[in-house]
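Asks: Structural data only, the sequence is not supplied:
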């Protein structure tokens, strides 16, 4: 259903499925835990299965940083520790086989192939290819994106964007199956649809959630994502002349405060307004109007001498999405600077239900 040109509420079209490896296709996550645990014990560091949850889906270096919990080591020592952990992990995976595939995986892969969907394995592990070969999965997939493929790893979207490129499929037509919060965040930042495998506390931001894949069929996954899509309003093309209309559509509120969907950095002729329920202007007008509260969104972004603005900056990628179920407004932009460097800007905005007087905006910036 078209709401407005470039603004969509519809069922997603899925052309490719991107599977995480550890914890989704195979139980190799257990081997990562054992390797990190062995290293931690040798170094006198505390490391439990609960601590291991924080390492899901992230790179080896980031995992080490979290394992150290603020302890400082030299670069040479850090590299030695990462190499040692990797050697332990490689010892463990020498014996893996198709028996290590998790229940339901082979059936789901066959269904994807039968439905004509492209398939990729996407893993931050640099040992992913060896694992995939030992699991005899190469015959099921069209592409592999691993720890060697990109510089920035999850929760950055680069791995999923790279996989989408390998499959020649737009990221908005990709479905990511992940078991880690970092992976879900990365897939969302890439603009893909997401399926979370595991507990809600870990994958609660996914579009559809299942405890495991043992009894899950492709139809279950697609139906779950399509039901989720009914709660989403999004645009992937920026059209300056329609923004005034869309300020109303992308409005957020909590019943007490409400803010129009204007851009934080400003935009020509935009009508920024935050209104307070039950408080009216005491002015002799034809109609009583709600009070327009102070602008709390004003946020300027500078890179050197360049100021970010949707109407004048070189914008290479853009999407904006209002999640009506989670009540979160997101906007992701790739800004190309005059120097040739690209910055990714991820804006998030929501109104608190716990405290009706509170509204929040968060901006994450990274170089890509």
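Replies: The structure has been received and is ready for your questions. Here the structure is a predicted model, which is why all the values come from computation and not from measurement.

Asks: what's residue 73 in contact with, if anything?
Replies: Residues in contact with residue 73 (C-beta atoms under 8 Å, 6 or more residues apart in numbering) are residue 81. Using the backbone N, CA and C atoms, a C-beta is placed for each residue, glycine as well.

Asks: does it sit in a helix, a strand or a coil?
Replies: State at residue 73, reduced to three classes by DSSP: H, G, I helix; E, B strand; the rest coil: coil.

Asks: try residue 344
Replies: Under three-state DSSP, residue 344 comes out as strand.

Asks: burial count for it?
Replies: Neighbour count for residue 344, taken as other C-beta atoms under 10 Å: 20.

Asks: again with residue 37
Replies: Residues within reach of residue 37, counting by other C-beta under 10 Å, total 19.

Asks: got it, and residue 269?
Replies: 8.

Asks: hang on, it in a strand?
Replies: No: judged by three-state DSSP, residue 269 forms no part of a strand; its state is coil.

Asks: got the contact list for it?
Replies: So residue 269 contacts residue 244 (C-beta under 8 Å, 6+ apart).

Asks: confidence score at it?
Replies: We have a pLDDT of 84 for residue 269.

Asks: got it, and residue 292?
Replies: Residue 292 is given a pLDDT of 83.

Asks: which SS class is it?
Replies: Applying three-state DSSP: residue 292 is strand.

Asks: Just grab the bridge partners of it for me.
Replies: Applying DSSP bridges to residue 292 gives these bridge partners: residue 275.

Asks: Could you check how far the nearest residue to residue 57 once chain neighbours are set aside is from residue 226?
Replies: The shortest distance from residue 57 to any non-neighbouring residue, by C-beta to C-beta, 6 or more residues apart in numbering, is to residue 180 (2.8 Å). Distance, residue 180 to residue 226, using C-beta to C-beta, to the nearest Å: 24 Å.

Asks: For the nearest residue to residue 216 once chain neighbours are set aside, give its distance to residue 296.
Replies: Leaving aside its chain neighbours, residue 216 sits nearest to residue 210 (5.1 Å; criterion: C-beta to C-beta, 6+ apart). As judged by C-beta to C-beta, residue 210 and residue 296 stand 38 Å apart.

Asks: The two - which one has more neighbours?
Replies: Between residue 210 and residue 296, counting by other C-beta under 10 Å, residue 210 is the more crowded of the two (19 against 14).

Asks: quick one: contacts for the more buried one?
Replies: 195-197, 216, 220-221, 224.

Asks: For the residues you listed, pick the one with the most neighbours.
Replies: residue 195 (30 neighbours).

Asks: Beta-bridge partners for that residue, please?
Replies: Under DSSP bridges, the beta-bridge partners of residue 195 are residue 177, residue 208.

Asks: isn't it right next to residue 211, touching?
Replies: No: applying C-beta atoms under 8 Å as the test, residue 195 and residue 211 come out as separate, 11.9 Å apart.
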